[in-house]
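Undergrad: next one to model:
(chains A and B)
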Amino acid sequence: DTEVTQTPKHLVMGMTNKKSLKCEQHMGHRAMYWYKQKAKKPPELMFVYSYEKLSINESVPSRFSPECPNSSLLNLHLHALQPEDSALYLCASSQDSQGAYGYTFGSGTRLTVV
Amino acid sequence: AQSVTQPDIHITVSEGASLELRCNYSYGATPYLFWYVQSPGQGLQLLLKYFSGDTLVQGIKGFEAEFKRSQSSFNLRKPSVHWSDAAEYFCAVVPSGSARQLTFGSGTQLTVLP
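TA: Below is the predicted model of the structure:
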């Protein structure tokens, strides 16, 4: 298995809702990442998990809450989002946090906040 | 400041023509270098990567890239473009040192004319 699987592919949520994005990989990678991508822009790093521990939080608002239950799973819990949080959310993984072999990306979750 | 730059926002080529997408980086030490491709609404696919050694790197889908240390460049090339190559192309780096996260250039949008 050489894929990163993200669910759901599309999500529409209201500003008072709570939802979660899920990411799964079975490549034995020990680092996992959440990126946010706005239209016509490059992906921007949000969080890094290395060996299931949060190692980097790029000053992301607390309405985004990551979780890494085990080495294969990464969740992003969403609460009280704003319309400007609408974006493509990409999950990625790499063999380790050194990133030397590149990252494998999922196809993303297209999030719309109404 | 450390950065990765893609000078061309948008490039248009005719099908069958050759292609070169430019990427320049500004880091004290040569970072790991990558090219990714993103089709509309999709995740990112790794085309090729450079760590060390041979400066001409072969990738998937007929792409190649050449690392030129003297010019701090890592340009992507393809001898004959197909209509299916129309997409957004991102150059990305993993710097040496402590902040070893994948950082993207601003991207180049490729349009292919029939």
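
Undergrad: end-to-end on stretch A:88-102?
TA: 20 Å (Cα to Cα, to the nearest Å).

Undergrad: and if you look at stretch B:17-33?
TA: Using Cα to Cα, the distance between the terminal residues of stretch B:17-33 is 25 Å.

Undergrad: buried set for that stretch?
TA: Buried positions in stretch B:17-33, judged by neighbour count with 16 or more other Cβ atoms under 10 Å in any protein chain shown: B:19, B:21, B:22, B:23, B:24, B:25, B:27, B:30, B:31, B:32, B:33. C-beta here means a position set from N, CA and C on the backbone, and glycine is covered the same way.

Undergrad: relative to residue B:94, how far out is the first one?
TA: This points to residue B:19. 25 Å (Cβ to Cβ, to the nearest Å).

Undergrad: before we move on, the earlier item: ok, and which of the buried residues of stretch B:17-33 reach chain A?
TA: residue B:32 (Cβ under 8 Å from any Cβ of the partner chain).

Undergrad: with the buried residues of stretch B:17-33 in mind, which one is nearest to residue A:9?
TA: residue B:21 (28.3 Å; Cβ to Cβ).

Undergrad: tell me which two in the buried residues of stretch B:17-33 are the farthest apart.
TA: Most distant of the buried residues of stretch B:17-33, by Cβ to Cβ, are B:19 and B:27, 25.5 Å apart.

Undergrad: which SS class is the most centrally placed residue in chain A?
TA: Nearest to the geometric centre of chain A sits residue A:34, at 3.0 Å (Cα atoms, centre = their mean). Secondary structure, DSSP: H, G, I helix; E, B strand; the rest coil: residue A:34 is strand.

Undergrad: distance of it relative to chain B?
TA: 12 Å (Cβ to the nearest Cβ, to the nearest Å).

Undergrad: report pLDDT for that residue.
TA: pLDDT, residue A:34: 97.

Undergrad: surely it touches residue A:46?
TA: Yes: at 4.3 Å, residue A:34 and residue A:46 qualify as touching, with contact defined as Cβ atoms under 8 Å.

Undergrad: common neighbours of those two, please.
TA: A:64, A:66, A:76 (Cβ atoms under 8 Å, 6 or more residues apart in numbering or on different chains).

Undergrad: any chance of those residues in TSV, with distance to chain B too?
TA: Formatted as TSV, the shared contacts of residue A:34 and residue A:46 follow (distance: Cβ to the nearest Cβ, whole Å):
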residue	distance to chain B
A:64	17
A:66	15
A:76	15
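
Undergrad: most surrounded residue in those?
TA: With neighbours defined as other Cβ atoms under 10 Å in any protein chain shown, the most crowded of the shared contacts of residue A:34 and residue A:46 is residue A:76; it has 23 neighbours.

Undergrad: thinking again about what came up before, any chance of the buried residues of stretch B:17-33 in CSV, with pLDDT too?
TA: Below are those laid out as CSV (pLDDT from 0 to 100):
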residue, pLDDT
B:19, 97
B:21, 98
B:22, 98
B:23, 98
B:24, 96
B:25, 93
B:27, 85
B:30, 84
B:31, 88
B:32, 91
B:33, 94
